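J.: below are the sequence and a predicted model for it; my questions follow.
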Amino acid sequence: METIEFEHPLARSILTRMRDRDTGPDEFRRLAHRMGFMLAVEATRNIRTAPMHVETPMEPTLGETTVDSPVIMPVLRAGLGILAPFQELLPDSKVAFVALRRDEDTGRPDWLYDSVPDLAGSQVIVLDPMLATAGTASAVLDYLADAGVRETTLVSVVAAPEGIHRLGAYENLTVITVSVDRELDGRWFILPGLGDFGDRLYN
Ligand code: PRP
Ligand code: URA
């Protein structure tokens, strides 16, 4: 597993406004969308291209065209908050849906729903903005391994050191996050974090 801490002043500034308890759902959704764009650029940095001839108004030249269309997999609910910018940058990608919810008493995720295309041999970009215990991420990654996925990028906004550590054993996995925060509290929430991402999105 490789962890990439996405370093960019705009991302830090957006995250600070997302953390602010006084940021309401309307602004939070806009900020999540903007953050999603920045993360989509980073998550597609190594996407493959093929040479392509193009005629400019001045002369023919050689350009490039993308040949990969990774499957995008938002983890409901929070992942929906950053799905749209990924679809805008990857318009030909299939979208695979999974829904999990952490049990408030145990911190463990319950698997609620999946609706996915055939994933065998594919490259998947998983969208889950909060990586806390990594219980949710582990369940999703095990599911993807069973489905024969070749390579996974997990896109998060805020991660806890505990969650990053837990994912260390996974192969063919890249985790992108804007911030590795300090720790989890007794209810498995990230500190300083930004609270419950799904609640902040959907009020
Ligand atoms: C949140 C978040 C992640 C998960 C992370 O989802 O969106 O999916 O918790 O926690 P973990 O790393 O400890 O598993 P939640 O279960 O609260 O559902 P929601 O997105 O519908 O709010
Ligand atoms: N899920 C969230 O939405 N926030 C946290 O701090 C931890 C898990």
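T.: Perfect, I can see it now. Ligands and ions are numbered 1, 2, ... in the order given.
J.: and the residue nearest to residue 123 when sequence neighbours are not counted, how many residues sit next to it?
T.: Closest residue to residue 123 apart from its sequence neighbours, by Cβ to Cβ, 6 or more residues apart in numbering: residue 70 at 4.2 Å. C-beta coordinates here come from the backbone N, C-alpha and C atoms, glycine included. Residue 70 has 20 neighbours, counted by other Cβ atoms under 10 Å.
J.: correct me if wrong: residue 70 contacts residue 121.
T.: No - at 11.8 Å, residue 70 does not count as touching residue 121 under the criterion of Cβ atoms under 8 Å.
J.: chain center to stretch 22-36, what's the gap?
T.: Counting by Cα atoms, centre = their mean, to the nearest Å, stretch 22-36 is centred 16 Å from the centre of its parent chain.
J.: identify the residues contacting that stretch?
T.: 11, 14-15, 17-18, 81-86, 127, 129, 157, 178, 200-203 (Cβ atoms under 8 Å, 6 or more residues apart in numbering).
J.: would you mark the buried spots in it?
T.: 23, 28-29, 31-36 (16 or more other Cβ atoms under 10 Å).
J.: what about that stretch, near ligand 2?
T.: No - figure legend: stretch 22-36 not in contact with ligand 2 (Cβ under 6 Å from any ligand atom); closest approach 11.9 Å.
J.: wait, does that stretch contact ligand 1?
T.: No - Stretch 22-36 stays clear of ligand 1 (Cβ under 6 Å from any ligand atom), getting no nearer than 11.6 Å.
J.: look up the closest residue to the residue of the chain found nearest ligand 1, ignoring the ones flanking it.
T.: Closest to ligand 1 within the chain is residue 198: 2.5 Å, counting by Cβ to the nearest ligand atom. Distances taken as Cβ to Cβ, 6+ apart put residue 77 closest to residue 198, at 4.0 Å, once the chain neighbours are dropped.
J.: ok, that neighbour to residue 203 distance?
T.: Per Cβ to Cβ, to the nearest Å, residue 77 is found 12 Å from residue 203.
J.: now list whatever residues contact both of these two.
T.: Counting by Cβ under 8 Å, 6+ apart, no residue touches both residue 77 and residue 203.
J.: the strands in the chain, which residues?
T.: Assigned by DSSP state E, the strands in the chain fall at 2-5, 49-55, 60-66, 71-76, 97-102, 109-115, 123-127, 130-131, 151-155, 158-159, 173-177, 179-180, 183-184, 190-191.
J.: arrange those strands in CSV, one row each, with distance to residue 142 as further columns.
T.: Compiled in CSV, the strands of the chain are given as follows (distance: least, Cβ to Cβ, whole Å):
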stretch, distance to residue 142
strand 2-5, 19
strand 49-55, 32
strand 60-66, 29
strand 71-76, 13
strand 97-102, 12
strand 109-115, 10
strand 123-127, 12
strand 130-131, 15
strand 151-155, 11
strand 158-159, 19
strand 173-177, 12
strand 179-180, 23
strand 183-184, 21
strand 190-191, 22
